[in-house]
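Engineer: Got a predicted structure here, sequence first:
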Amino acid sequence: MMKILITTLTFSEKCGLGRYSLDLIGELAKENELIIFTAKQDKELNLSFPNSKIFYIFPGESKIYRIMRPWLFLKYLFKIYPQAKKVDLIHSFMDFPYSFLAVVIGLLSGKPVVSTAHGTYSIVPFFSRRWSGLLRWTYRHLKMVVCISNFTKSEILKRAPKARCVVINNGINLDKFNIKETEKLKPSASSGSTENRGKDTNDKMILSVGMLKQRKGFHVSLKAVAQVKEKYPNLRYYIVGRQEDKNYFEK
């Protein structure tokens, strides 16, 4: 059984990082002892994992760069460092600047540090004069950078060639999708109206899932679907995601 210190920003299933954290921690907790640091608002979720201790210290998702304020950085460092001395490995589920914090703690405690690179967030700081140097330093000192795709790995190595990258695609909990034939026929109270579902077996459906943000490219897919519908008029296109960016949603 290993002892692993994990930093993450959320366990909320409403975002990718939250689902990633929930599933991976749930599996790791079965055979390892975990010390987890997450954001304060997650305390309301009342979650617990076997063989795990959870500390709620970080600010919310929208304030990730706050930890680089010197007094806050030292505050988090002193809170995490005593726990880091007890573990075998430190894993930052978050990109910069939390991966930078993890590396500093790892160097002080003499523990190896790995970090997950989640696509966009692992690359964007390279384009900042303020953060690019620290990001390169962080990648050099990570024992391993776990990239969720080959594209993410290649983009990191273009800018930080000394980074030790490995590709581990995000997994799928098949139990969530293993629906028995008899269960398919059961109505669900949360599934909403079924009035327009399954009427025409010739209907084709495309589903996009993700927060409505410019970088997700829904404005591009809508134009593409409009062209495809000229040939396949029975095509239906569904977009499922939070609409926090009201301007983009209206566009």
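Structural biologist: Nice, I can see it. On a predicted model such as this, the values are computed, not experimentally measured, just so you know.
Engineer: So, low pLDDT: which residues of the stretch 51-200 of the chain?
Structural biologist: Applying pLDDT under 70 to the stretch 51-200 of the chain flags residues 61-62, 180-200.
Engineer: those strands in it, which residues are they?
Structural biologist: Along the stretch 51-200 of the chain, counting by DSSP state E, counting those that start in this stretch, strands occupy 52-58, 89-92, 113-117, 144-147, 165-167.
Engineer: and the longest one, which residues are buried?
Structural biologist: So that's strand 52-58. For strand 52-58, a neighbour-count test (16 or more other CB atoms under 10 Å) marks 52, 54, 58 as buried. Every residue, glycine included, has its C-beta placed from N, CA and C.
Engineer: coming back round to it: export the strands of the stretch 51-200 of the chain as JSON lines, with columns for distance to Met211.
Structural biologist: Putting the strands of the stretch 51-200 of the chain into JSON lines (distance: least, CB to CB, whole Å) gives the following:
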{"stretch": "strand 52-58", "distance to Met211": "20"}
{"stretch": "strand 89-92", "distance to Met211": "22"}
{"stretch": "strand 113-117", "distance to Met211": "19"}
{"stretch": "strand 144-147", "distance to Met211": "21"}
{"stretch": "strand 165-167", "distance to Met211": "24"}
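Engineer: what sits against Leu89?
Structural biologist: 2-5, 111-114 (CB atoms under 8 Å, 6 or more residues apart in numbering).
Engineer: Just among the residues you listed, which is most surrounded?
Structural biologist: Compared across the contacts of Leu89, Leu5 has the highest neighbour count, 28 neighbours, by other CB atoms under 10 Å.
Engineer: Beta-bridge partners for that one, please?
Structural biologist: Beta bridges link Leu5 to Ile35, Ile90 when assigned by DSSP bridges.
Engineer: returning to what we had before: wait, which of the strands of the stretch 51-200 of the chain is closest to Asn173?
Structural biologist: With CB to CB, the closest approach to Asn173 among the strands of the stretch 51-200 of the chain belongs to strand 113-117: 17.1 Å.
Engineer: For stretch 29-47, what does the pLDDT average out to?
Structural biologist: In this model, stretch 29-47 carries a mean pLDDT of 92.
Engineer: In that stretch, which residues are buried?
Structural biologist: Those would be 29, 32-39, 41-42, 47, for stretch 29-47 by 16+ other CB under 10 Å.
Engineer: Give me the subset of those lying in helices.
Structural biologist: If you go by DSSP state H, these have nothing in helices.
Engineer: would you turn these into CSV with distance to Met68?
Structural biologist: Putting those into CSV (distance: CB to CB, whole Å) gives the following:
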residue, distance to Met68
Ala29, 30
Asn32, 30
Glu33, 30
Leu34, 26
Ile35, 23
Ile36, 22
Phe37, 16
Thr38, 18
Ala39, 16
Gln41, 20
Asp42, 21
Leu47, 27
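Engineer: For Tyr248, give me the backbone phi and psi.
Structural biologist: Per-residue torsions, Tyr248: phi -70, psi -40 (degrees, to the nearest 10).
Engineer: quick revisit: ok, so of the buried residues of stretch 29-47, who is nearest Ala84?
Structural biologist: Nearest to Ala84 among the buried residues of stretch 29-47, with distances taken as CB to CB, is Ile35, at 8.3 Å.
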